[in-house]
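1. coordinates only, sequence not included:
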């Protein structure tokens, strides 16, 4: 019997492109379901990594107690962050409204020098902006944030409860031992890379936020702690976060102070912090754990931001890492992983050798055979 003809490279690549388009369309249409799930998965990865850190670094903490302790610490941290936003956001935006007349005067002087007409008063500006429209958008955004947070917590609880069944699922999906080992190795490459990315972003974010708070407090900027918190969150968004951290507080300083010097000093200090941490500390900490082309990082930011909004921007790099590892496992899609990688070798992403990953199926394989 003649063997089935093998698909040509052109048809195989066309199928890959069509699959990417269909997957993107499905991700856009199902954003309300997939966005909370993706956030919950990455929160679970962070909690699992924190549990392993607690197990190895704290004496007397067993593996059984590490996960509940990590979950408790995470709830306290996220609860504290939510409290900071809820408690300080109204006063923060209230101060921005109080500074509005001064901002309009500054914009008017600047625009007058280049011959551009701007509204002369806050009232005129309010009439042109139609605040009712923006208030409605903000209300819908807050409602969406609340429902998304609720779904994230629900998904997170189920993910943590079902993590112990992962080994049995792997055995059922990959009866062949070699395929099972390859799947486990790919899973550990994804987990290690995402964990490394999240931990490095968290540590560098704390550095940037802490040093920025010192600079903002030194010049007397109002709500310096809240600004530092916003900067810490913004660091998780590639490119945009760094721009926000270096530009937004000086602009606020222009509205607060009568002199330009506090804003100039703050701008120089924040830019210096961003350059030192972004160009010296961050690359040393990140190493080669991601191996993603910088252009791909920008494209991923735009792509996932268009699909899932702010949540997609936060998750753009980890999702791209996951896609690169999965695509590298198949001959027909490996060329896509090569294009996504920084040096043309997506396998350099791994942080441990495949044989170092625990063989979760070894102890269960005789059980499967005996039950058969």
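-> Happy to help now that I have it. Predicted, not measured: the structure shown is a model, and the values here were computed from it.
2. let me see the ranges of the helices in the stretch 1-150 of the chain.
-> Assigned helices in the stretch 1-150 of the chain, in chain order: 9-29, 31-57, 63-98, 100-113, 122-129, 131-162 (criterion: DSSP state H, counting those that start in this stretch).
3. mean pLDDT lowest for which of those?
-> When the helices of the stretch 1-150 of the chain are ranked by mean pLDDT, helix 122-129 comes last with a mean of 51.
4. state the distance from residue 161 to residue 151.
-> Distance from residue 161 to residue 151, counting by C-beta to C-beta, to the nearest Å: 16 Å. All C-beta atoms are positioned from the backbone trio N, CA, C, and that covers glycine.
5. kindly report the same for residue 158.
-> 11 Å.
6. pick out whichever of those two has more residues nearby.
-> Using other C-beta atoms under 10 Å as the criterion, residue 158 and residue 151 rank with residue 151 on top: 17 against 12.
7. what residues are up against residue 263?
-> Counting by C-beta atoms under 8 Å, 6 or more residues apart in numbering, residue 263 makes contact with 250-251, 253-254, 257.
8. burial of residue 203, as a residue count?
-> Counted with other C-beta under 10 Å, residue 203 comes out at 14.
9. which helix or strand contains it?
-> helix 177-219 (DSSP states H and E).
10. so for that helix, mean pLDDT?
-> Helix 177-219 comes out at a mean pLDDT of 85.
11. quick check: angle from the helix or strand just after that helix to helix 177-219?
-> Later in the chain than helix 177-219, the nearest helix or strand by DSSP H and E is helix 224-234. Here helix 224-234 runs at an angle of 150 degrees relative to helix 177-219 (axes from the mean of the first three to the mean of the last three C-alpha atoms, to 10 degrees).
12. before we move on, the earlier item: what is the helix holding residue 203 packed up against?
-> The contact analysis (3 or more C-beta pairs under 8 Å, 6 or more residues apart in numbering; DSSP states H and E) places helix 177-219 against helix 31-57, helix 166-173, helix 224-234, helix 240-256, helix 261-276, helix 282-286, helix 294-327.
13. and it with helix 294-327, angle?
-> 150 degrees.
14. so how far is helix 177-219 from its chain's centroid?
-> Offset of helix 177-219 from its chain centre (C-alpha atoms, centre = their mean, to the nearest Å): 9 Å.
15. can you check stretch 156-171 too?
-> Counting by C-alpha atoms, centre = their mean, stretch 156-171 comes out at 23 Å from the chain centroid.
16. could you list the buried residues of it?
-> By neighbour count with 16 or more other C-beta atoms under 10 Å, stretch 156-171 contains the buried residues 156, 159-160, 170-171.
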